[in-house]
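K.L.:
The sequence isn't on hand, but the structure is:
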C-alpha cells in the first residue's frame, strides 16, 4: 500500500519527516509510515485499531498509551534470530523494512479461536488456577500446564542464538536527571549552569517529554523552540551529557543507578561493532527524578475495546505524530486535562462527538467550546462502549440524573487523572503518600540524594514543573558546592489548577478491566474482597493485579480504589504499592552483556598453554584455568592410552607438567615463621633455610582447608604454595589472619601466582635433564640438593630460577620456577634438551594417576568434611603451639574413632573398573545407611598395579587393610568385591623420590 | 552499593567480599572449646547499625571495618583493621 493507506494521517503538523517514507509490515500486511513515527503511531495512521489479543480471555485489544507503560500493544518484532517477543509498539521507532506481528492469537488476529475463553470467563476468575487445576496432580504435567501455556501466551522467543552484541558500561556524574520534559530540562539547565557534571537520561529518542505532545509557551516562545534552545545550551556545556533512548530503570544503594540504553533498536541490524543495547550503571551524587506522570484509565464496561485510548495518548498521536486515532472522537474525563485532547482534536480538524464529564460543573470556556463546535457535554459517566474487534462504535453514558445517553464515535479518549511516576523513588521502600487534592500517590521519601520534581512530584502545571525543575537542579548542584549561577527560572503562564473529581470505576454490567495486561476485571477484585484477600499484597497475588510487565503502572491505583470502596476504607488506609527495579523490562541479553558463550567468564592460560595447544593437548577447565589434561600423539584414540603412556614415561624416564596454576604467596618479614606456625598445623619456624616442607591448614572449625609445600628461601622469606582451587581463598584467609587476627606480627604477604611459571619435572632421568638446563656450577647431586631442598639456581643462559626438590608423583622430581615470561621458552628448551632422554610432557590426568598411586590426597579428599587425622596426617598437628583450628579440631565427633579415613581400594577382580562414588559396605551386608562404611573418592587406572585402583574414605579404614569389602554403586547398578589396602600403592618406602 | 576504601577511594561492591560481624574476637589459645564454639558459630542477627568486616580483594587487599546499617545499607564509617595500616590512615 502507498500513502493512500495512511487514512488517519493528518494533512499537516507533527514531528514526522514526510519526505522520508518508510514501509513496514504488521501481520504480513505492508504499510507506510514516516520517519519520526513509532510502530504504534504508524499503525494509528494506517487506521489499524486491533493490534493484539489479551493474555487470558483473548479479547481484541488496541493501543492504549503512547509510552513504555503500554499494556496491550505488545508485538513480536523482527524475524529469525532477531525476533523479539513482547515489545511495546508504542516505543518501537519505525524503520524501513520493519517486520512486526501480533501475539497470542490463532489462527489470526482477526479470528482468534481461543477468544471462546471469553464465554468461559466465569471459570477464569481470580484464583482460577488454584481452584480449577487442583487434582489429580498427575494431570499437571501432561494436561494442565501445556493447556495453560498454549492458551495464556505472550510472544514467541527466537529459537536461534541472538546474533547481536550487548554491552555494560559505567558512568559517573554529580547530578543525574531522569526525564527531559519541562522539569528535567529546567533541572539540567540549572545544574549544568552551576557547574555540575550532569547526565540527562531520556527514554524517548528526543528531548521534550510531554512538551512534544502538549506544546505550550515558555519564556515567551513556543515550547518546541524552547526545547531546541535548551538542548543547544545543554550541548554547549562540556560537563553535560545527554543520553536519549535511555531509561533509568533502577536506583540502588549509594547513588548507583541502572539504565537501559536502546542503542540500535531503531535500526534493523546494528552497525558493525556496535551493541544493540547497553546497560549502564550510573553513579550519581544527586538524582532528580523528572519522570513525569502517567495518565490512568477509568474502569467501565468494555474499556479495553480497540478505540478506547488514554486521552493524553490521543493528544500525542494527533500533535506529535499527526495521526488521529479516530475520525469522530468522544471524551470521557473527570478532570480539565482531558479537555486539552478535545482542543487538540478540534485544532487538527477531527470531529468531536461529545464529552462525558464526571464533574457536575465544567467551565464557561469549555461550554463555549462545545457550543461553538456543536458537541454535547454530558454530566455523568460512560457505562460501557459498544462495538467489536474493529473498534468502538457507540458510547453509552449513564447521566447524573439516571438517564442514559448515547454518542456515536469511533474513538473514545479517557482521562481518569494522573499518577506521578513513583517507580524510582519508591524502590528503597519509600512508601508514596496520598494527596487528596490530586487524588494520587506522590513520592514520600526516596533513596538518599534523590528528589522528585514536577509531575513526578504531583505538580502538574507547566509553570510549576519549570519552577520545581529549576530549583531542584540548582539545589542539587548547590548541595555539592557548585556555586556558579543557575540562571533564570524558565517561566510559563500555564499554571491553571488541576480540577479533578475522582472516578475510578463505573458499576457496569459489562466486563470492565482494571489490569489490561493480565486481564484482571473489576469483578475479580470484588471476588478477592469477598474471599478475604483484602490486603494489597493478597489482592495482588490472588488476582495477579499489577504483576504483568507494566508492573501495574496502568492499574494499581484503580485496583486499590475499588478495594477501598468495597471495604469501606479510604485509599491510603487500603494501602499502596511500591515498585521494584527495573522500571521497564530489560532483556536478559542486555544484563549479560558480553558475558556469554566463550566469554561467559574470563579464561586463565598457563605459561605453557600456547606450546601445549601447538602439540594438540586436550584442555580441561579448572576454575578459570585451562589446563592440559593429556597430550595425545598419533594413533592414540583413547584418553586412557595417552595417559597410561605419559605415566609410564615418567616412571621410567622423565616427564614434566605445568603446575603454574598453584597459588603462590611470598611471605616476608621477621615474624614470617611465627605467622606460618599459626596458620599451619605443623611448624615452619624451625624449617632450615633452603628447605621445603609440606603443610596443612585448617579452618577455624577444625576441618582441613588447604595443603601445599612451603619453602624457606631466606631467614625472613618463605614461599608458600596453595592448591589451584583455593589459591584466591587462601590469600584472603592469610590476609585475614595477618591483618585481623595477628596484627602484632611483622609480616607481609604478596600474591605471586601470576609471576612464576612452575613445572614439575619427574622421573629417574630428571637430574640428567636438569643438568642440561641448569648452569653447570649448580650442584644437583643428592648431597648437594637433597630431597626437600629448595633454593635459587642459575639456568644456562643466565635466567634465575627457583628449584624445589619436591615430589607429588613419588618419583625423583624437582619443581622449577622461572619468571612467567620465560615459561614458554623453558618448556620449549625442556623438549629440546630432553629429547635424548625421551622427555614426555604429561597432563593433569597423569598427574592424578601418579598421586593416587602414591596415596597423596587432593581435592576429592580435601572435601570440606575431613580432618587431618582422617587424611592420615594427624601426626602433623603440633601439640606445642596454637594454630587456626586447633581447639575445634579436638571436638568429640572430629576425633571419634569411627570416622571415615583415607584407605586404598582395589577391585578383587583385577579386570574390573573401579568407579568414584561407589559406597563401601562390609562383605555380606545389605546395602543401606546403617551398613554404609564410606565411599570411593578418587580412582585411576594404575599402570604400575596394572589394574584400576582408588582412594576412599572408610570407617576404621586403617585397621581394615587386607579386608575384602563390597563396592555398592546403585547409580551404575554395580556390586563388586574390593580389597581395602594401604593407600600408598607405589613405593611405600619412598626410596625413589629420595634417590 | 559503594564502599569508600580508605586506601583506594569509593569503589563498587563487586570489588569487596563480605565476612560479617566484626565483633567476635578470636579467643586466647587456652580459652577452651566453648569459647571457640561461640567465636566460630554464634552470631547476632543485627537489624540496624553493625560493624562488619569486608575484604577489598579487588583492590588493595585490605580488611576493612565498615560500620553499616543492615536495613538501610547506610555506611557510617570505613576503617582499616589494625593490621591493614590503621596507624598510617590515622596519622
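P.N.:
Okay, I see it. Everything numeric in this text was worked out from a predicted model, so none of it was measured.
K.L.:
count of residues packed around residue A:285?
P.N.:
For residue A:285, the count of nearby residues is 18 (other CB atoms under 10 Å in any protein chain shown). Bear in mind the C-beta positions are built from the backbone N, C-alpha and C, glycine included.
K.L.:
Next: residue A:100.
P.N.:
The number of residues packed around residue A:100, counting by other CB under 10 Å, is 23.
K.L.:
what about the chain, any weak spots by pLDDT?
P.N.:
Picked chain A for this. In the predicted model of chain A, residues A:1-3, A:120, A:122-124, A:127-141, A:143-153 satisfy pLDDT under 70.
K.L.:
Not quite, go with chain B.
P.N.:
Per-residue confidence for chain B (pLDDT under 70) gives these ranges: B:86-91.
K.L.:
run the last query once more with 90
P.N.:
Counting by pLDDT under 90, the low-confidence segments of chain B come to B:83-91.
K.L.:
okay, which residue is most central for it?
P.N.:
Most central in chain B under CA atoms, centre = their mean is residue B:53, positioned 1.4 Å from the mean C-alpha point.
K.L.:
got the contact list for it?
P.N.:
Taking CB atoms under 8 Å, 6 or more residues apart in numbering or on different chains as the contact definition, residue B:53 lies against A:736, A:740, B:18, B:19, B:20, B:21, B:22, B:63, B:64, B:65, B:66, B:81.
K.L.:
how far out from the middle of the chain is stretch A:4-20?
P.N.:
41 Å (CA atoms, centre = their mean, to the nearest Å).
K.L.:
Report the secondary structure state of the residue lying farthest from the centre of chain A.
P.N.:
For chain A, the C-alpha farthest from the mean C-alpha position belongs to residue A:783; by CA atoms, centre = their mean, that distance is 59.6 Å. In the three-state summary, residue A:783 is assigned as coil, counting by DSSP: H, G, I helix; E, B strand; the rest coil.
K.L.:
list the contacts for it?
P.N.:
Taking CB under 8 Å, 6+ apart as the test, residue A:783 contacts no residue whatsoever.
K.L.:
Tell me how far it lies from residue A:987.
P.N.:
If you measure residue A:783 against residue A:987 using CB to CB, to the nearest Å, the figure is 21 Å.
K.L.:
if you skip the residues just before and after it, what's nearest to the residue in the stretch 351-500 of chain A positioned nearest to chain B?
P.N.:
Checking the stretch 351-500 of chain A residue by residue against chain B with CB to the nearest CB singles out residue A:448 as nearest, at 7.3 Å. If the residues on either side of it in the chain are set aside, residue A:448 comes closest to residue B:74, at 7.3 Å by CB to CB, 6 or more residues apart in numbering or on different chains.
K.L.:
Verify the contact between that neighbour and residue B:68 for me.
P.N.:
Yes: the criterion here is CB atoms under 8 Å, and residue B:74 meets it with residue B:68 at 6.9 Å.
K.L.:
re the thing from before, which SS state does the residue of the stretch 351-500 of chain A closest to chain B fall under?
P.N.:
Secondary structure for residue A:448, judged by three-state DSSP, is coil.
K.L.:
quick one, helices of the stretch 701-850 of chain A?
P.N.:
Listed in chain order, the helices of the stretch 701-850 of chain A (DSSP state H, counting those that start in this stretch) span A:727-736, A:766-771, A:823-833, A:844-853.
K.L.:
Serialize these to TSV and add fields for mean neighbour count and distance to residue A:105.
P.N.:
Listed next are those as TSV, based on neighbours: other CB atoms under 10 Å in any protein chain shown; distance: least, CB to CB, whole Å:
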stretch	mean neighbour count	distance to residue A:105
helix A:727-736	20	53
helix A:766-771	20	74
helix A:823-833	18	62
helix A:844-853	25	56
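K.L.:
interface residues of chain B facing chain A?
P.N.:
Near chain A, the residues belonging to chain B are B:1-2, B:12, B:17, B:19, B:26-27, B:29, B:31-33, B:36-37, B:39-41, B:53, B:55, B:57, B:61-63, B:72-75, B:80-84 when assessed by CB under 8 Å from any CB of the partner chain.
K.L.:
Which ones among these map onto helices?
P.N.:
In this view, these that belong to helices under DSSP state H are B:33, B:36, B:37, B:39, B:40, B:41.
K.L.:
Could I have the buried ones of these as ChimeraX selection syntax?
P.N.:
Buried residues within those, by 16 or more other CB atoms under 10 Å in any protein chain shown, are selected in ChimeraX with:
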select /B:36,39,40
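K.L.:
Of the ones in helices among the residues of chain B next to chain A, which is the nearest to residue A:498?
P.N.:
When these are ranked by distance to residue A:498 (CB to CB), residue B:41 comes first, at 59.9 Å.
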